[in-house]
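Chemist: With the sequence up front, the predicted model follows.
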Amino acid sequence: MTEMSLLLSASAAAHAIGISRSQFWKLHASGRVPAPVRIGRRVLWRRSDLEQWVAQGCPSRDRFEARQEATR
């Protein structure tokens, strides 16, 4: 995938935010990163969600989603 891909694998998402893939999966399992999208069997994360999540200070998934809903 290119650096400007809209959807990122766990490895690419981890790289984009500067952590290991295993740490990214731990954060996902504990509800700390934005929810992924599923396309077939693939689990992918929206680049825009990750960028906004980091800009907001990396809140929990629940808080991130609540803020997203409030701005719609």
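Modeler: Structure's in. What do you need? Quick caveat, the model's predicted, so the values are computed rather than measured. Residues are numbered from 1 along each chain as shown.
Chemist: how about the strands of the chain, start to end?
Modeler: Using DSSP state E, the strands found in the chain span residues 7-8, 37-39, 42-46.
Chemist: Tell me which of the ones you listed sits nearest to Leu27.
Modeler: strand 42-46 (11.0 Å; Cβ to Cβ). C-beta here means a position set from N, CA and C on the backbone, and glycine is covered the same way.
Chemist: name the helices or strands packed onto the closest one?
Modeler: Counting by 3 or more Cβ pairs under 8 Å, 6 or more residues apart in numbering; DSSP states H and E, the packing neighbours recorded for strand 42-46 are strand 7-8, helix 10-17, strand 37-39.
Chemist: The last one pairs with which strands, parallel or anti?
Modeler: The partner list of strand 37-39 in its sheet, established with DSSP bridges, is strand 42-46 (antiparallel).
Chemist: Touching the strand it pairs with from outside, list them.
Modeler: 6-10, 13, 33-34, 36-38 (Cβ atoms under 8 Å, 6 or more residues apart in numbering).
Chemist: Repeat the analysis, applying 6 Å as the threshold.
Modeler: The contact list for strand 42-46, computed with Cβ atoms under 6 Å, 6 or more residues apart in numbering, reads 7-8, 13, 36-37.
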